[in-house]
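Undergrad: quick one, fold the following:
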Amino acid sequence: MRSILYLFILFSLLCSSCIKDELPNAEADILSCTVDSLILKKDPLIQNDRIQIFVKSFVDLTSQAPVFTLSSGATISPESGTTLDFTNSQLYTVTSQDGKSKKVYEVSYISSAVGSKYSFEHVRTENNKYDVFYELNQDNQNIMDWASGNAGFSLTGAGSKPEDYPTARLTSGKVGQGVNLTTRSTGALGATMGKPLAAGNIFMGEFDLASSIINPLKSLRLGMPVDFVPYAFKGFFKYKAGNVYKEGGTVVSGKKDSWDCYAVFFETDATLKHLDGTNKFTHNNILAIARIQSQAGIETNEWTPFHIPFVFNSNAVVDPQKMKDGKYSLTLVFTSSIDGDAFAGAEGSTLLIDEIEIIHE
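TA: Purely as a prediction, here's the structure:
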């Protein structure tokens with residue numbers, strides 16, 4: 001049955017491709033963004049209607065000329081490669097080849113670091129479906145979106161409103177708003193694909209939707225540039241495990257769910273731009289790891305503090321020049337089910353977090 005479904009999808013895509021070859025392209029997307037690699041801290045991040053370009057602190061934002069690759073036949077205004085002042089964000093309008101579709105992108109150059117205190121007060125609803133948390137700098141500029149698996153969960157059709165998703169806003173946090181992470185059933189479609197559960201998660205990095213279907217562990221692009229050396233992170237949590245633990249949809253008698261959180265400090269280079277689910281604790285570029293231990297099994301209805309130190313590798317060395325050049329990254333990850341990356345856990349397991357802070361030099 002599943003093979004027939006895949007063949008049907010493939011046939012549909014091939015037919016769609018044939019039709020597109022005959023008709024003017026109706027897409028109006030920016031596919032890639034190119035700037036001088038010498039000024040970058042990390043690759044530009046392209047989202048649905050915004051592009052964030054992370055650059056080093058010395059860069060003159062008043063005179064920048066990003067170059068864009070567009071959907072076939074599409075045009076862009078201002079033109080790709082135009083020199084503009086990016087002290088503030090600039091808006092670009094992409095028009096499809098057939099002239100019927102237009103899309104406006106907000107393009108920002110970001111020289112600020114991501115900061116070290118996170119209160120989760122800034123939230124927007126993406127595509128009228130799910131919540132996205134984001135961070136602002138002192139100039140009120142969006143410098144980081146927190147990533148989650150919500151975009152993947154949206155494909156299952158199991159959520160009809162933001163609060164149905166695994167990662168959602170918590171209106172009554174420790175102070176102001178917080179984050180609600182709940183392990184959810186992915187419904188009939190998720191079960192058919194062998195992914196019956198989706199843990200609530202939130203992390204510093206990017207979520208690759210395409211990889212989430214083919215290779216879920218590769219869908220986590222972990223890490224954001226930082227300009228400090230972390231020594232610990234702390235915050236507050238509440239946790240309640242779900243009643244029935246399952247692996248692959250099968251009940252595991254006597255096993256109880258637990259939450260997880262960890263932070264990884266690592267060096268980027270020409271071959272490593274980010275960590276992922278396959279190497280998040282093992283890559284040679286990792287300098288230090290901080291991970292919850294005994295408290296992960298605690299269930300509590302009260303806001304409970306945690307404090308987790310980083311453990312540095314014995315050969316870890318931080319180069320001040322590399323720090324200035326944006327070569328060090330950090331990821332911070334929270335999840336409502338510790339085995340959620342294997343689609344195992346207990347439906348209903350709920351982790352609430354708020355007032356997170358990274359302690360650094």
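
Undergrad: which residues does the most centrally placed residue in the chain contact?
TA: Per CA atoms, centre = their mean, the C-alpha nearest to the average position across the chain is that of residue 147, at 2.2 Å. Contact analysis of residue 147 by CB atoms under 8 Å, 6 or more residues apart in numbering lists 202, 203, 204, 205, 206, 207, 220, 221. For the C-beta atoms, the positions are set from N, CA and C on the backbone; glycine is no exception.

Undergrad: could you do residue 151 as well?
TA: Per CB under 8 Å, 6+ apart, neighbours of residue 151: 126, 130, 207, 209, 212.

Undergrad: quick check: closest non-adjacent residue to the first one.
TA: Okay, so that is residue 126. Among residues not flanking residue 126 along the chain, residue 132 sits closest, at 4.8 Å (CB to CB, 6 or more residues apart in numbering).

Undergrad: my guess is the one you found contacts residue 123. True?
TA: Yes - with contact defined as CB atoms under 8 Å, residue 132 counts as touching residue 123 (6.9 Å).

Undergrad: of the two, who's got more company?
TA: Between residue 132 and residue 123, counting by other CB atoms under 10 Å, residue 132 is the more crowded of the two (22 against 18).

Undergrad: I'd guess that one is in a helix, am I close?
TA: No - the assignment for residue 132, made by DSSP: H, G, I helix; E, B strand; the rest coil, is strand rather than a helix.

Undergrad: specify the beta-bridge partners of it.
TA: Beta bridges link residue 132 to residue 124, judged by DSSP bridges.

Undergrad: got a list of what it touches?
TA: Counted by CB under 8 Å, 6+ apart, residue 132 has contacts 123, 124, 125, 126, 145, 146, 148, 150.

Undergrad: what sits against the second one?
TA: Listed by CB under 8 Å, 6+ apart, the contact partners of residue 124 are 131, 132, 134.

Undergrad: is it true that the last one touches residue 123?
TA: Yes - Residue 134 is within contact range of residue 123, at 7.5 Å (criterion: CB under 8 Å).

Undergrad: how much space separates the residue nearest to residue 126 from residue 144?
TA: 11 Å (CB to CB, to the nearest Å).

Undergrad: how about low-confidence regions in this protein?
TA: 1-23 (pLDDT under 70).

Undergrad: try 80
TA: Low-confidence segments of the chain, defined by pLDDT under 80: 1-24.

Undergrad: the helices in it, which residues?
TA: Ranges of helices in the chain, per DSSP state H, are 2-22, 150-154, 187-192, 209-214, 320-324.
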